[in-house]
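Participant: Task: produce atomic coordinates for the following.
(one chain, ligands or ions: 1)
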Amino acid sequence: MNCLECNKELSYIDHKNSFDIYGVELCKQHKGRMDKLVNSNKTPAEAIKLYYGLKEIGISSMLEWWDGKKSVDLAISRVKLNIEIDTEYNTITHEQAIMDLEEAMHSFKNGFTTIRIPDVVIKYYLKETVKNIEGIVEGLKVNIKTL
Ligand SMILES: [Zn+2]
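Facilitator: Presented below is the predicted three-dimensional model:
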């Protein structure tokens, strides 16, 4: 197995360290960079998994993209798509739900589309999730062209 960023061959321990936490192959150096990002932003591991899943099919996204007000888990700026990974949707309160809706409204007004994906969907259906996002990106591209 090789690092997804630099293609360096991974030792058993480097592979295990990275794969156990993020579910992707990263060398010590690149895992270290992810650790820093995750520590300062509380980025869910699934965001990283999805980031590399999208990268694999040629869709580049940005982790922890700052939209001017808050950090978005994953953003595909080319089509103004923001992806938030939900980790506590089982216990979502009505306050949180209305805040999410308000946030979605603000981002729509600014031309951004926000989708929320539960972390388990990425965990168990990564391929399908990536495929659906690919479809959304294509749809958004068409919409942008017609504007
Ligand atoms: Zn690397």
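Participant: and this protein, what are its domains?
Facilitator: Annotated domains of the chain cover 1-41, 45-146 [automatic domain parsing].
Participant: To the ion, which of the ones you listed lies closest?
Facilitator: Judged by CB to the ion, the one of the domains of the chain that comes nearest to the ion is domain 1-41, at 3.2 Å. Where C-beta positions appear, they are placed from N, C-alpha and C, glycine not excepted.
Participant: ok so, going back, in TSV: the domains of the chain, plus mean neighbour count.
Facilitator: Shown next, in TSV, are these (neighbours: other CB atoms under 10 Å):
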stretch	mean neighbour count
domain 1-41	16
domain 45-146	15
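Participant: would you turn those into TSV with distance to the ion and mean pLDDT?
Facilitator: Listed next are the domains of the chain as TSV, based on distance: least, CB to the ion, whole Å; pLDDT from 0 to 100:
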stretch	distance to the ion	mean pLDDT
domain 1-41	3	95
domain 45-146	12	92
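Participant: hey, where'd the helices end up in the protein?
Facilitator: 12-22, 28-41, 45-56, 94-109, 119-124, 126-146 (DSSP state H).
Participant: who wins for proximity to residue 5 among those?
Facilitator: Closest approach to residue 5 among these (CB to CB): helix 28-41, 4.3 Å.
Participant: Let's see that closest one as CSV, backbone CA atoms only.
Facilitator: C-alpha atoms of helix 28-41 as CSV (Å, rounded to 0.1, in the frame of the first residue of the first chain):
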residue,chain,number,x,y,z
LYS,A,28,3.5,9.3,8.6
GLN,A,29,4.0,12.8,7.3
HIS,A,30,0.7,13.1,5.5
LYS,A,31,-1.2,11.5,8.4
GLY,A,32,0.5,14.1,10.6
ARG,A,33,-0.9,16.9,8.5
MET,A,34,-4.4,15.4,8.7
ASP,A,35,-4.1,15.0,12.5
LYS,A,36,-3.4,18.7,12.7
LEU,A,37,-6.4,19.6,10.6
VAL,A,38,-8.6,17.3,12.6
ASN,A,39,-7.4,18.5,16.0
SER,A,40,-8.0,22.1,15.2
ASN,A,41,-11.4,21.6,13.4
